[in-house]
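Student: Sequence and computational prediction follow.
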Amino acid sequence: MHDLEKRRYGLHLGALAAFVVGALVVGAVGNFLGGKATFDGLQTPPLTPPEWVFPVVWTVLYILMGIAAYLVWNTKDVNRTALLRPYFAQLAVNMLWSLFFFRWGAEFYAKSIIITAG
């Protein structure tokens with residue numbers, strides 16, 4: 001089947017916006033919950049990018065994740081719900097990881113979250 005035939009009914013700007021804004025909100029909440037105090041105290045390697053790079057890169061990543069989720073939603077694939085369920089779980093894990101690692105400094109639990117999610 002041709003790729004265009006798998007699409008539902010074209011572009012749904014409202015749905016696309018909902019997926020992108022939803023992903024960005026989750027990222028913003030994770031950032032807010034995580035705080036910055038622990039990050040400032042981390043001993044980083046010499047090649048660590050400047051601090052301003054992280055919010056730019058994470059914003060682009062969350063936008064791309066929202067677009068990808070929209071593309072999955074916008075297919076005729078009967079398994080799209082099954083495909084989106086891990087995506088939403090992964091968003092929750094991203095948010096929780098920031099809370100555990102940056103806010104609470106619970107490195108063991110933060111590593112456990114990453115291992116479990118991976």
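Tutor: Received the coordinates, thanks. Please read these numbers as outputs of a predicted model, since none were measured by experiment.
Student: shaky segments in the chain?
Tutor: Low-confidence segments of the chain (pLDDT under 70): 1-9, 36-40, 118.
Student: Could I get the full set of helices for it?
Tutor: 13-34, 37-41, 53-73, 80-98, 107-117 (DSSP state H).
Student: And the ones you listed: which comes nearest Leu47?
Tutor: helix 53-73 (11.9 Å; CB to CB). Using the backbone N, CA and C atoms, a C-beta is placed for each residue, glycine as well.
Student: Format the CA atom coordinates belonging to the closest one as PDB.
Tutor: Taking C-alpha atoms only, helix 53-73 is exported to PDB below (Å, rounded to 0.1, in the frame of the first residue of the first chain):
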ATOM      1  CA  VAL A  53      22.000  24.400  24.400                       C
ATOM      2  CA  PHE A  54      20.000  22.000  26.500                       C
ATOM      3  CA  PRO A  55      16.600  23.900  26.500                       C
ATOM      4  CA  VAL A  56      16.900  24.500  22.700                       C
ATOM      5  CA  VAL A  57      17.700  20.800  22.000                       C
ATOM      6  CA  TRP A  58      15.000  19.500  24.300                       C
ATOM      7  CA  THR A  59      12.400  21.800  22.800                       C
ATOM      8  CA  VAL A  60      13.200  20.600  19.300                       C
ATOM      9  CA  LEU A  61      13.100  17.000  20.500                       C
ATOM     10  CA  TYR A  62       9.700  17.400  22.100                       C
ATOM     11  CA  ILE A  63       8.400  19.100  19.000                       C
ATOM     12  CA  LEU A  64       9.600  16.200  16.900                       C
ATOM     13  CA  MET A  65       8.200  13.700  19.300                       C
ATOM     14  CA  GLY A  66       4.800  15.400  19.000                       C
ATOM     15  CA  ILE A  67       5.000  15.400  15.200                       C
ATOM     16  CA  ALA A  68       5.900  11.700  15.300                       C
ATOM     17  CA  ALA A  69       3.000  10.800  17.600                       C
ATOM     18  CA  TYR A  70       0.600  12.800  15.300                       C
ATOM     19  CA  LEU A  71       1.900  10.800  12.300                       C
ATOM     20  CA  VAL A  72       1.200   7.500  14.100                       C
ATOM     21  CA  TRP A  73      -2.200   8.800  15.100                       C
END
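Student: No more questions from me, cheers.
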